[in-house]
Every structure is written in structure tokens, then in C-alpha cells.
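>>> Sequence plus the predicted model coming up.
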Amino acid sequence: MVRTDRIDIEVRSGSEDREFRFSVEPVAHGEGEGIAYYRFAMEGDEPRIPEAVRLSWMFPAVDIAGYWDPGANRERGIRIDFNEPFHAKATSLAPVCSLYNAADRNRLTVALSDAMRPIRMRAGLREETAEFELWLELFTEACPPMDRYEAIIRIDTRDIFYANSLREVGEWWAGLPGYEPAAVPEVARLPMYSTWYSFHQQLDPAEIEKQCLLAKELGCEAVIVDDGWQTLNNERGYAYCGDWEVSPDRIPDMKGFVDRVHALGMKFILWYSVPFVGRYSKAWSRFAGKYINTYDGPDTAVFDPRFPEVREYLIGIYERALREWDIDGFKLDFVDSFNLSEEMRYTLGEGRDYDSVPEAVDRLLSDVMERLRAVKPDVMIEFRQKYIGPLMRKYGNMFRVADCPNSYSQNRIGSIDIRLLSGNTAVHSDMMMWHPGDKPENVALQFIHALFSVPQLSVLIDRIPEEHRRVVGFWLSFWREYRELLLDAPLHPSAPDFLYPVVYARDGRRYLAAVYGQGVVAKADERSDDYLFVNGTADDAIIVQLGEKLVGTMTVLDCGGSEISRVNVRLDEGVHRLKMPPSGLLHMRRSDTSIDGER
């Protein structure tokens, strides 16, 4: 047990006491009351492979309603001390969790400075005492021998909005040495068209170009050409990955294809599954013995990034694509799959220049970004949830919600979760798709629920009804008009334990509330010139609570942007039920007219 000025942190390890000496001590900081930093250190007399080390302490379960971590998804309930912890490492999630009350106020947010190495983390309620046991477990996977290790634990107990506490954790990580986020090109913050749901592996350049032309007219600025360009196999596996040569039967002329897309005024992003090498590739025999695992059966292996020749091979592939085809970015997939198999757990040396897989992956992805930016400074790199942690911001500049086809609510949850920690990194929705026979109001929900992320579209645009295209055009136009408010203004997602039923964005002049829960009250408690209310429900009205009198005009639009009504209004402070269609938009603009001497 290590006693500090505020908490008693217990350190447990499977290593013998003589192998490592442990210490936990407070670290001075200038952030005021409510934030504490503790340095955990372990030292040995000679390098050894450490056993798992657990740091734990207790926290009273007072005024706590819910729990959040980057992988919680729809499970926001209080954890019990026997529940499974969540796992984080450089390429998966992030070492942070949060407890908050029913008013969305932070009660405890815990983060670790070391976001590279694998860690297990949990805040679980102990039934006997109504206390939370917080614990962090380090060295949960094999790592190279060491004689010293340090990390900082950040504990925030301030009574502030929970999302502000998480945002500051993201800023803290971004300020650490080696964690500086990559620059974000402007086009990464604009809508994109993806081929995945619309084409899957059946890629046809002429058809894709047709969709690009239509997508450009609707407001998309780039196309992401996904899996299928490198193989004729349509089984959606990875046994043909590894060489990354264009399948001439799919795409006879990749450079010409890219040039034609550029001529349409769109950027071109290409998909790669980074760790995988398939049995039916030339690389399979070339790199025999330089794998760390298999994936989804024996026909797909995972490269060992600790070999410099493996890293150079992969980087060279991406460099050549950038130079020879003039593409604009990469969708680098499955980077969280660099996992050591149990039989490879203690493989060291023998041509490897790193013993640690996480450190080798960090070197690989850091070099990828550095080398590609040397060719094209504004290159785009997209990563998919759940590889969306603080180090991933260094390697890439676009984070996308995990695959959730046709699930608008999941797009809402995923995009807000990513936004909470990601600063200015461009957060993208999963690709929006739907059935051509669906209602226009439901099509609009795809965009409304992903409103606070960059939209990605993946339908065959020429095969959806004209009324669907009108909906898509309206919401992409609306999104572009208010993009800075939606992406850059402080994000205020309410009630995380209810999966964000109302999300707000304010910039001092404009106020926007997207309502996702039926019967939920949207609070307009700050004075603005423009109030925008988006109905993300099937109800024909929303409930709004105004913080002051408002005189002005109120315009109501339907899901496709057609005006339903425009009236002058005089609304008193308090609660109002405002009629508007499902998936519609209500815009109230304050006038300069005085009310009883008040403006």
C-alpha cells in the first residue's frame, strides 16, 4: 500500500519484491483544486520482463449515475467489481474512464499518460461498501525486459461538465512528448463518398466515377475506394492481401482512374489492411517466419512489425501509391490487429530491432505519416473506431465510427464518443446507407444523428428515389453551412447514460440543439441571435425551454428542406411545445424589436 496525500494506492505485482521497487508520489501541477497527478515508478537492478502490475484505490459511490470509457458503447451503467475490465493500447481505445452524476457533472475521471502499452482498466462498485474500486493493470501482455518504468496517473474530481473533463484529458495527452496530433487538411473536414456499402468488393471504375459525379453535386469532396481493388476474390476475407498490386480485371488503369476522379473535383483515398498478409500473396513466402499471429483462420497472417524490413516493405507500398497514382489519402485498416500470439509471447532479437510490439507499431505508423507527408504534406489518413486513441491522432487525421450500416442511432453514439477525446482530429460518421424503399424521414435521420461528425455517404445515388436525393442534398448543404458550429464549437452532449438524447453546440451567436429522444426538453438557456432545433425523432413536435423572452421569426422546414411555415413569434421565458415535422428543422431568428424596453 502506498499512501499519498489524498488516496491510498495499492500496488500488486506477480514479480518478486526483489525484482522491482515500486513507488507512487504526487506530482506538482498548476491546475488548481480537483485535479491530482501521481507518478508511478518501478525500478530494478537489472533488466527483467515484468509480470502484470495492478494499481488500485477506492472511491466513494456518492452522487454517481453512470460510467463512460471509450469502448463502453451502449453499456453506460455502473460497473460491478467483478465485471470485465476494458483493454487499451496505442491502437485500441485509450486509458481513461469517467464517473458522472445525473446532472452530467464529473465526479471522477481517471487517465494514464502511457497510452502506448497494453493496459486493463476498470471502475467497479464493491457491493459490501458502496465504493468504487479503481484499478489499472500494466504489463498485461508480453513486453521486453526493463529496469525502469514511469507513468503519470491523472485524477480529476472537479464538479464540471463531464465532457469538459474528458476534453481536457485529450488536451493533456496531446501536450505530452511524442503525442502531438497530426495536422488536419481542410478536405478531411468535408463530406465524402465511400464505395464500401454501395459496391463492396465489386468495384467498377466507370460506375464509381458516375457515383462520384453525383456525390460531388450533392456536396461530397472525396471518394474512399475500399476493399476489392487488389483482388478478384469476393469472399471478403484477407487471404489475398499483402502484395497490394492492382487487380487489372477490376481496375485496368489505376492512375487514369485517379486522374478522372480528380477531374471531377474530388480527392481519392484508397483502402489497405495494414497488418495482413494472405496465403495467396507473393509476400506470404517472402516474409515467412516474420509473423506474430494469424487472423480469422490459417490463411491470413499478421506481420511482425519488429522487423525493420517488414516496416520498410509496408511503408514502401504506400509511398509508391502516393507517387505513382497521385492518390490523396489512405484508409489504413485493422491496425489494432498487431497482437502477439501466445506462442510468440517471448520472441526477441533474431533480426528484430524492437522487442516491444507496441513500440514497433508506433515506429511503423509514425514513419508512415512522416514519409507520406514528405511526398504530399496534406495527405489524409483514416482510422476506424476502435483505433481512435491519443497516439492514433499522431499517426492519422481522420477517425471514423465503426461499421454500423443503416443504424443511425449507433452513428450518433459512436461519433459523439470519438469527439469527446479527439480535439481537432476530423471525426467521420460511418458510411450512411439505407434501402431505396425507406421513408424520406428515415433517410434524413441518417444525417441528423451523425450531425456532429463529417458525413460519409455510401449508396448508389442514381438508384435511390428523387425524394431521397432531395433529402441528402438538403442535409449535406445544411451541414456545410453550419460546419464550423457543428465541428468546432464546444460540444455539449447531454445524458451519456441515456446515449445522448440531446446534443448542443453554441458559438456565442448561434445555438443548435439536435433532439434525439422523444419527450426530451431542449434547453436554450444562453442568449443567441439564431436558434436551430433539429428533430431527430418521429414526433411532430419538440419541447424547448427558453431562458429569456424571444421576439423574432420562426421558420419550419421538413426533412427535405421545404418550408412548412414562417411566422413572427413572441415567446416568453419558459417551456414551449413547438410543432415541427419528424426529421425537420426549426429556425428561430431573433429580431431587433424591443419588448417592454428589453431587447
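Here it is on my side, so go on.

>>> Show me which positions of stretch 319-330 end up buried.
By neighbour count on 16 or more other Cβ atoms under 10 Å, the buried set for stretch 319-330 is 319, 321-322, 325, 327-330. C-beta coordinates here come from the backbone N, C-alpha and C atoms, glycine included.

>>> Check stretch 333-342 too.
Buried residues in stretch 333-342 (16+ other Cβ under 10 Å): 333-340.

>>> export the buried residues of stretch 319-330 to a markdown table and tack on distance to T294?
A markdown table is the format used below for the buried residues of stretch 319-330 (distance: Cβ to Cβ, whole Å):
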| residue | distance to T294 |
| --- | --- |
| E319 | 27 |
| A321 | 26 |
| L322 | 30 |
| W325 | 30 |
| I327 | 30 |
| D328 | 33 |
| G329 | 29 |
| F330 | 24 |
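
>>> Can you tell me which of these end up in helices?
Of the positions in the buried residues of stretch 319-330, 319, 321-322, 325 sit in helices, assigned by DSSP state H.

>>> As a markdown table, those residues with distance to L586 would be great.
Below are these laid out as a markdown table (distance: Cβ to Cβ, whole Å):
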| residue | distance to L586 |
| --- | --- |
| E319 | 50 |
| A321 | 46 |
| L322 | 46 |
| W325 | 46 |
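
>>> Out of those, which is nearest to R509?
Nearest to R509 out of these is L322 (Cβ to Cβ; 40.7 Å).

>>> Now do the closest one against L314, distance only.
To L314, L322 is 13 Å away according to Cβ to Cβ, to the nearest Å.

>>> cool, A174 as well?
Taking Cβ to Cβ as the measure, A174 and L314 are separated by 26 Å.

>>> Also I49?
28 Å.

>>> Who has more neighbours out of those two?
L314 (24 against 16; other Cβ atoms under 10 Å).

>>> In this structure the more buried one contacts F276, no?
No. Using Cβ atoms under 8 Å, L314 is not in contact with F276; the gap is 10.7 Å.

>>> Pull up the overlap in contacts between those two.
Residues touching both L314 and F276 (Cβ atoms under 8 Å, 6 or more residues apart in numbering): F303.

>>> I543 - that's part of a strand, no?
Yes. Counting by DSSP: H, G, I helix; E, B strand; the rest coil, I543 is located in a strand.

>>> Which parts of the chain are helices?
Using DSSP H, helices in the chain cover 162-174, 196-199, 205-218, 254-263, 283-286, 308-325, 357-375, 392-395, 408-419, 440-448, 466-481, 483-488.

>>> what's the closest of those to I224?
Closest of the helices of the chain to I224 is helix 196-199, at 7.5 Å (criterion: Cβ to Cβ).

>>> hmm, back to that, mark which of the buried residues of stretch 333-342 are part of strands, please.
Judged by DSSP state E, the subset of the buried residues of stretch 333-342 located in strands is D333.

>>> Adding pLDDT and distance to I160, write the buried residues of stretch 333-342 out as a markdown table.
Output for these, formatted as a markdown table (pLDDT from 0 to 100; distance: Cβ to Cβ, whole Å):
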| residue | pLDDT | distance to I160 |
| --- | --- | --- |
| D333 | 97 | 36 |
| F334 | 96 | 37 |
| V335 | 97 | 33 |
| D336 | 95 | 31 |
| S337 | 95 | 37 |
| F338 | 95 | 36 |
| N339 | 92 | 37 |
| L340 | 89 | 40 |
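
>>> give me the low-pLDDT residue ranges for the stretch 251-400 of the chain?
The model of the stretch 251-400 of the chain has no residue with pLDDT under 70.

>>> Contact partners for C220?
190-193, 212, 266, 457, 476.

>>> Tell me the one of these nearest R352?
M192 (37.6 Å).

>>> Looking at the nearest residue to that closest one once chain neighbours are set aside now. What's its pLDDT?
Distances taken as Cβ to Cβ, 6 or more residues apart in numbering place A222 nearest to M192, at 4.5 Å, with adjacent residues excluded. Note for A222: predicted pLDDT of 98.

>>> From here on, call the first residue 54.
Happy to do that; since the first residue is 54 now, the last one works out to A275.

>>> separation between A275 and D515?
On the measure of Cβ to Cβ, A275 and D515 end up 19 Å apart.

>>> More neighbours: which of the two?
In this view A275 and D515 are compared by other Cβ under 10 Å, and A275 has more residues nearby, 23 against 11.

>>> Contact partners for the more buried one?
Counting by Cβ under 8 Å, 6+ apart, A275 touches 240, 243, 245-246, 319-322, 381-382, 433.
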